[in-house]
Structures are given as structure tokens and as C-alpha cells.
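Chemist: coords please:
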Amino acid sequence: MGFKVILDELTRPPRTISLAKALQIIEQKDPKVSSDYHIMKYINRKHNEAAYKKAVEKTDQIIAMHNDCVKPNEPWLFLGDLSEGEIIDADDIRDLLALIQSLHGNPKIMVKGNNDTFTNTEVYNYMGFQYVAEKTIVSDNLKIIFSHEPIDISEKGLDKSGWINVRGHSHGTNLVYNMSPEAQLDVWYGLTQNKVLSLSRLLELYETTSVHDCKSLFKSYNWT
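Modeler: Sure, this is the predicted structure:
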């Protein structure tokens, strides 16, 4: 309801691109990739002044980190949980819209996460995302399934042919789902020392650096 009010206030239609164009950008332009920003998480902490202040500062830090790592005209792929599902008030949505629009990147491509609860995709288009996927973006050329929540690649038999799931959701923890740790790459910024890296760099770290948490945390967990 809140965003319906905001949509009525907006006159310029948002820019959008097709899935084919989004895939072309992902496969050929080496976008920066990140997940789980949870912008304006302070909305659900208004009852506690200290927690509210800390959460506001966290949002400011995330935006500053992102804009330090991603250039204004650099492609950016975001893998879900942009904000919080509790953001429903019109004034809060206006604030959220301005904050998300301030994030660098062009074009911006998004896979929705479990906290990205606006059902109208146009909401995210107005935030600046030119392509928005509900669950996954699948690149046959790169052999990558991009998602928010983990997908069991081995269960599908795809790990044996070189496929990988590049995703977010777990915030670097290995206590996720009871599935094989193989072919999983968590792109949460906390695993890369609060930096947003390019897809090629993330894949390089996954393949070559045994201490990179995206891989080692999953490898070290007892999944039985």
C-alpha cells in the first residue's frame, strides 16, 4: 500500500532490460557482485534507541563501502536481501528509494531475496535495478546459477559438469542447509573484508585460495 502511494508520485518510467541483455552483461562485462545489504534494518529497531542508532550507522557504512568499491557506470549484480520486509510505511519507502538509488552501478541487476518482499517488480525498477529476477538467473555459458538462497548443485548432478551456485543468504555462516558444500560460492561482502568484488575475482578466490571463507567454511562443516 505504501509503495502504491510512491508510485503515484513518480512520473518518469524506470529503465529496464531483458533477461538476454542481463545475461550478456553478466557474461561479458564482469560485474561487481554482492548480497545481503539489509538497507534500513533499523526500521525494526525503533523501540531501542541504542540499537536503532547502531543500525542506522550500519546502513551508512554499507552504502559507503559499496560506493567505494563500485563505480557509477560499472555493472553490478546483487543477489538478494536489499532491505527489510518490514518497510511498508510510505515515508519509510521514500527514504529507502533514495538510499537504494544512491548506490553506484550501471546497469544494476538483481535476484530477489527472502526479505525483498515487494511483489511489484516495478518497485525495484524505480530503485534503479534494470532487470529483476524472482529466484534465479542461469548462465549456461558460465555454468553458474545465480540465486539468493543456496541451491543444491550436487543433487541436480551439475557439480560433476563444472556448474556452481553463486549466491547470498547465509552471511558467511556454514550453518545453512543440509546439502552438499560442493560448488557453493557465498558472495556476502563480509567474507571479502567488506569489499565488493568482481565476478571474475570471486571465482578466482573460490578456485585458488583455500582460506577464502566462501569455500573453506563450507568445506570445514560436518554436514552429517
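Chemist: What about residue 163, how many residues nearby?
Modeler: 21 (other Cβ atoms under 10 Å). C-beta here means a position set from N, CA and C on the backbone, and glycine is covered the same way.
Chemist: Which pLDDT does the model give it?
Modeler: Confidence at residue 163, expressed as pLDDT, is 92.
Chemist: got the contact list for it?
Modeler: Going by Cβ atoms under 8 Å, 6 or more residues apart in numbering, residue 163 touches 143, 144, 145, 153, 156, 183.
Chemist: Can you select the buried ones among those for me in PyMOL?
Modeler: Applying 16 or more other Cβ atoms under 10 Å to these, the buried members can be selected in PyMOL as follows:
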select buried, resi 144+145+153+183
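Chemist: farthest-separated two in the contacts of residue 163?
Modeler: 144 and 156 (13.2 Å; Cβ to Cβ).
Chemist: Would you verify that residue 146 is located in a strand?
Modeler: Yes - judged by DSSP: H, G, I helix; E, B strand; the rest coil, residue 146 forms part of a strand.
Chemist: who's in contact with it?
Modeler: Per Cβ under 8 Å, 6+ apart, neighbours of residue 146: 26, 77, 79, 111, 133, 136, 137, 138, 139, 166, 167.
Chemist: hey, which helix or strand in this structure has the poorest pLDDT?
Modeler: helix 213-220 (a mean of 44; mean pLDDT, DSSP states H and E).
Chemist: Which helix runs longest in this protein?
Modeler: Scanning the chain for the helix with the most residues, using DSSP state H, yields helix 49-69.
Chemist: Do a quick rundown of the strands in this structure.
Modeler: Counting by DSSP state E, one finds strands in the chain at the ranges 32-34, 76-78, 108-111, 129-133, 136-139, 144-147, 164-167, 184-186, 197-198.
Chemist: got a markdown table for the ones you listed, with distance to residue 92 too?
Modeler: Below are those laid out as a markdown table (distance: least, Cβ to Cβ, whole Å):
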| stretch | distance to residue 92 |
| --- | --- |
| strand 32-34 | 23 |
| strand 76-78 | 20 |
| strand 108-111 | 20 |
| strand 129-133 | 19 |
| strand 136-139 | 29 |
| strand 144-147 | 27 |
| strand 164-167 | 28 |
| strand 184-186 | 29 |
| strand 197-198 | 31 |
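Chemist: Can you report how many residues lie near residue 135?
Modeler: Neighbour tally, residue 135, other Cβ under 10 Å: 15.
Chemist: Cool, thanks, signing off.
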